[in-house]
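Student: Need coordinates for the below:
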Amino acid sequence: QVQLVESGGDLVQAGGSLRLSCAASGVIFSINSMGWYRQAPGKQRDLVAGITAAGTTRYEDSVKGRFTISRDNAKNTVSLQMNSLKPEDTAVYYCYAYVVETSGRIPGRYWGQGTQVTVSS
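Tutor: This is a model prediction of the structure:
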């Protein structure tokens, strides 16, 4: 089994910064893409940012230029640096990872438990 543990969520004022981190552990041969989704109350879960094992990144349009995703392949971690935070960034942020548990197997998608980010105006 694979576990993803997130940290870094908090209450912050508009214009402030937060850094989310996520660490994967368990039976891991390799990790393909990793990243973050978020879900605000009453809304669907949407992709915020993702990064491949090679370092190719993608971002949701509203966070481009404010958020930066990075990963450490040796430590199986992914981070999200969030700057210039806005009240509309308020949501539960979920880490995900596509994990290959054994060589040759199809990657499985795993989720973290979620971490709350609240941005006050």
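
Student: C-alpha from now on. contacts and neighbour counts both.
Tutor: OK.

Student: Which residue lies nearest the spatial centre of this structure?
Tutor: W36 (2.6 Å; Cα atoms, centre = their mean).

Student: Where does that one fall, secondary structure wise?
Tutor: Using DSSP states H and E, W36 maps to strand 30-39.

Student: Confirm that S62 sits in a strand.
Tutor: No - per DSSP: H, G, I helix; E, B strand; the rest coil, S62 lies outside any strand segment and is helix.

Student: and the closest residue to Y96 other than its chain neighbours, how far is that from M34?
Tutor: For Y96, ignoring the flanking residues on the chain, the nearest one in space by Cα to Cα, 6 or more residues apart in numbering is W111 at 4.5 Å. Separation of W111 from M34 (Cα to Cα, to the nearest Å) stands at 10 Å.

Student: Overlap of the contact sets of these two?
Tutor: In terms of Cα atoms under 8 Å, 6 or more residues apart in numbering, W111 and M34 are both contacted by the residues 95-97.

Student: For those residues, give me a markdown table that also has secondary structure.
Tutor: A markdown table is the format used below for the shared contacts of W111 and M34 (three-state DSSP):
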| residue | secondary structure |
| --- | --- |
| C95 | strand |
| Y96 | strand |
| A97 | strand |
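
Student: out of W111 and M34, which sits in the more crowded spot?
Tutor: The residue with more neighbours, out of W111 and M34, is M34; 28 against 20, by other Cα atoms under 10 Å.

Student: that older thread, list the contacts of the strand holding W36.
Tutor: So strand 30-39 is contacted by 45-53, 69, 73, 76, 78, 80, 91-101, 107 (Cα under 8 Å, 6+ apart).

Student: Thank you, goodbye.
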